[in-house]
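# sequence and predicted structure are below.
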Amino acid sequence: RALAAGDQTAALPDLLVAAQRCPDHVRAHIAFQDAARAHGGAAEQAMIAFYANLPERRSPVGPYLRARLAETAYAQGTALDGILMQWPSFGWGHLSRARVQRRQGRMLAALDAYALAIVNDPSLHEARLERAQVLAELGRDEEAAREYRNYLDQEPQDQAAKRAYATLLLYRLGRVDEALRLLDDLTALEPESAALRMDRAAALWRSNRPRDAVDAYRKLLDDERERARAALNIGLVYYEVAPRDQAARLRFWPKAREAFQLFLATTTAADGHEQYERTFGVPYRLRRIDDLLGADPDAAPDPQQLDWPEGG
């Protein structure tokens with residue numbers, strides 16, 4: 001309960017008892033080590049002494065827990081190699097070696113080590129999650145999606161993993177309907193999350209529901225964090241998605257101009273994409289709109305004018 005409440009200091013006494021009474025309960029030992037390290041000072045020194053003085057047993061757990069306390073990745077990796085030579089089916093050892101290899105940038109070796117952790121200890125669901133992350137980093141998106149799905153079958157409450165999976169499906173695999181279902185679930189749990197609402201609006205756009213996407217983006221215009229990108233995306237929908245012919249451009253491009261002007265009126269660019277749009281993309285589109293509609297006599301943008309046009 002103390003750990004669930006984020007109070008690692010209060011958890012320390014019970015974690016010590018668990019570590020003493022359950023010498024092979026690896027998760028309890030890890031929680032004890034991490035809590036003591038977070039507390040620091042005498043608590044951390046007492047924890048280090050506890051593991052230095054563990055009685056010798058025919059088990060990989062003691063050497064493994066001492067390896068976790070090694071000061072360098074090299075020392076930790078060397079200790080893990082020795083443990084796995086003696087106990088090759090120790091899943092926690094494979095998981096930790098995979099983490100060391102990942103930190104060292106040895107991604108392919110890490111994938112193999114994560115796989116060995118899963119094979120030798122199927123309860124190590126975090127190995128499957130981290131393997132999914134590495135696969136995504138390597139651009140092996142279909143494999144990453146399978147690992148995320150398998151992980152979430154076991155840990156359906158992990159909202160961060162669900163978000164990462166939805167992002168992978170939406171932006172890299174184009175599996176929009178599946179992503180939208182996940183984003184609906186996530187948004188129901190965090191209705192005030194601007195980032196989730198932006199992703200959901202993008203999913204509506206990619207599922208050929210531009211009007212619904214515009215409505216979703218418009219609701220974000222009051223959120224300062226996402227205001228610029230929401231305005232930009234509304235402009236793009238009105239500029240290049242909704243109009244199919246010249247008559248449609250006459251209906252939609254005035255809305256696109258309002259949205260682009262609102263985008264340019266917001267604060268500085270949040271990233272390179274927005275900087276490019278401010279410098280080149282949006283000014284070019286506004287010139288094309290002016291060529292068709294004539295110059296705008298009132299360049300003051302009005303968010304209230306971004307609703308879907310009648311007959312559009």
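Yep, it's here.

# tell me how many other residues crowd the closest residue to Asp121 other than its chain neighbours.
Excluding the flanking residues, the one nearest Asp121 by CB to CB, 6 or more residues apart in numbering is Gly91, at 2.6 Å. All C-beta atoms are positioned from the backbone trio N, CA, C, and that covers glycine. With neighbours defined by other CB atoms under 10 Å, the count for Gly91 comes to 20.

# which residues sit in contact with the residue nearest to Asn233 when sequence neighbours are not counted?
What sits nearest to Asn233 in space, not counting adjacent residues and going by CB to CB, 6+ apart, is Tyr217, at 5.4 Å. Tyr217 makes contact with 198, 201, 230-231, 233-234, 237, according to CB atoms under 8 Å, 6 or more residues apart in numbering.

# and the next element down the chain from the strand or helix carrying Tyr217?
Applying DSSP states H and E as the criterion places Tyr217 in helix 210-218. Where DSSP H and E defines the elements, the next helix or strand beyond helix 210-218 is helix 227-236.

# dump that next one to PDB, restricted to CA.
Taking Å, rounded to 0.1, in the frame of the first residue of the first chain, the C-alpha atoms of helix 227-236 are listed here in PDB:
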ATOM      1  CA  ARG A 227      -3.700  25.300 -29.700                       C
ATOM      2  CA  ALA A 228      -1.200  25.900 -32.600                       C
ATOM      3  CA  ARG A 229      -1.200  22.300 -33.900                       C
ATOM      4  CA  ALA A 230      -5.000  22.000 -33.600                       C
ATOM      5  CA  ALA A 231      -5.400  25.200 -35.700                       C
ATOM      6  CA  LEU A 232      -2.800  24.000 -38.200                       C
ATOM      7  CA  ASN A 233      -4.600  20.600 -38.600                       C
ATOM      8  CA  ILE A 234      -8.000  22.200 -39.000                       C
ATOM      9  CA  GLY A 235      -6.500  24.300 -41.800                       C
ATOM     10  CA  LEU A 236      -5.000  21.300 -43.500                       C
END
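
# how far away from the center of its chain is it?
22 Å (CA atoms, centre = their mean, to the nearest Å).

# equivalent analysis for stretch 77-96, please.
Its chain's average C-alpha position is 29 Å from that of stretch 77-96, according to CA atoms, centre = their mean.

# list the buried ones in that stretch?
The neighbour-count check on stretch 77-96 (16 or more other CB atoms under 10 Å) flags 77, 79-80, 83-84, 87, 90-96 as buried.

# and which of those is nearest Asn120?
Gly91 (4.1 Å; CB to CB).

# gap between the residue nearest to Asn233 and Asp177?
20 Å (CB to CB, to the nearest Å).

# likewise Ser193?
Taking CB to CB, one finds Ser193 at 21 Å from Asp177.

# now Ala79
Ala79 is 47 Å from Asp177, by CB to CB.

# then Met85?
Per CB to CB, Met85 is found 48 Å from Asp177.

# same deal with Trp253?
Applying CB to CB to Trp253 and Asp177 gives a distance of 30 Å.

# so between those two, which is more surrounded?
Trp253 (23 against 10).
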